[in-house]
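Visitor: for reference, the sequence and a predicted model appear below.
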Amino acid sequence: QLQLVESGGGSVQAGGSLRLSCATSGITYVYYCMAWFRQAQGKERERVATISSGQISTYADSVKGRFTISKANAKTPLFLQMNSLKPEDTAMYYCAAQFRLYCDGNYSYWGQGTQVTVSS
């Protein structure tokens, strides 16, 4: 059974950095569509960044230039490097995955989340 497990969250001051990881256990798929989402308390879930097995990545406007999503290949973890963190980045961060050749924005697998808290 495939599982996604996030790690790397924590508490930092504004301007600091964190690196989130999402490990996949179970079957390894060659083609993947993966993403980081976040949900702040009382707010709707927001898609932060996506990446495909073709190494095409996208970012929400709110994190462009500060966050970098990466995944070297099908066997390596998914990462989210977060720099210049702001208090508004505070949220529970989730990784999500779908294993198909063409990404359509839908995700079947979700991790349990890792909390990121940024203080001013």
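Guide: In hand now; what should we look at?
Visitor: report the secondary structure state of the most centrally placed residue in the chain.
Guide: Centroid-nearest residue in the chain: W36, 2.5 Å away (criterion: C-alpha atoms, centre = their mean). Following DSSP: H, G, I helix; E, B strand; the rest coil, W36 is assigned to strand.
Visitor: hang on, isn't it packed against S57?
Guide: No: using C-beta atoms under 8 Å, W36 is not in contact with S57; the gap is 10.6 Å. Every C-beta, even on glycine, is put in place using the N, C-alpha and C of the backbone.
Visitor: overlap of the contact sets of these two?
Guide: 49-50, 69 (C-beta atoms under 8 Å, 6 or more residues apart in numbering).
Visitor: could you tell me which of these count as buried?
Guide: Using 16 or more other C-beta atoms under 10 Å as the burial test, the shared contacts of W36 and S57 include 49-50, 69 as buried.
Visitor: pLDDT, secondary structure and distance to G9 for the residues you listed - can I get that in a markdown table?
Guide: Formatted as a markdown table, the buried ones among the shared contacts of W36 and S57 follow (pLDDT from 0 to 100; DSSP: H, G, I helix; E, B strand; the rest coil; distance: C-beta to C-beta, whole Å):
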| residue | pLDDT | secondary structure | distance to G9 |
| --- | --- | --- | --- |
| A49 | 98 | strand | 15 |
| T50 | 97 | strand | 19 |
| I69 | 98 | strand | 16 |
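Visitor: a markdown table for those, including distance to Y109?
Guide: Below are these laid out as a markdown table (distance: C-beta to C-beta, whole Å):
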| residue | distance to Y109 |
| --- | --- |
| A49 | 17 |
| T50 | 14 |
| I69 | 16 |
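Visitor: so which of those residues is the closest to Y93?
Guide: Proximity of these to Y93 (C-beta to C-beta) peaks at A49, which lies at 10.3 Å.
Visitor: tell me the contacts of the closest one?
Guide: Counting by C-beta under 8 Å, 6+ apart, A49 touches 35-36, 57-60, 63, 67-69, 80.
Visitor: which of those count as buried?
Guide: The neighbour count (16+ other C-beta under 10 Å) marks 35-36, 59, 63, 67-69, 80 as buried among those.
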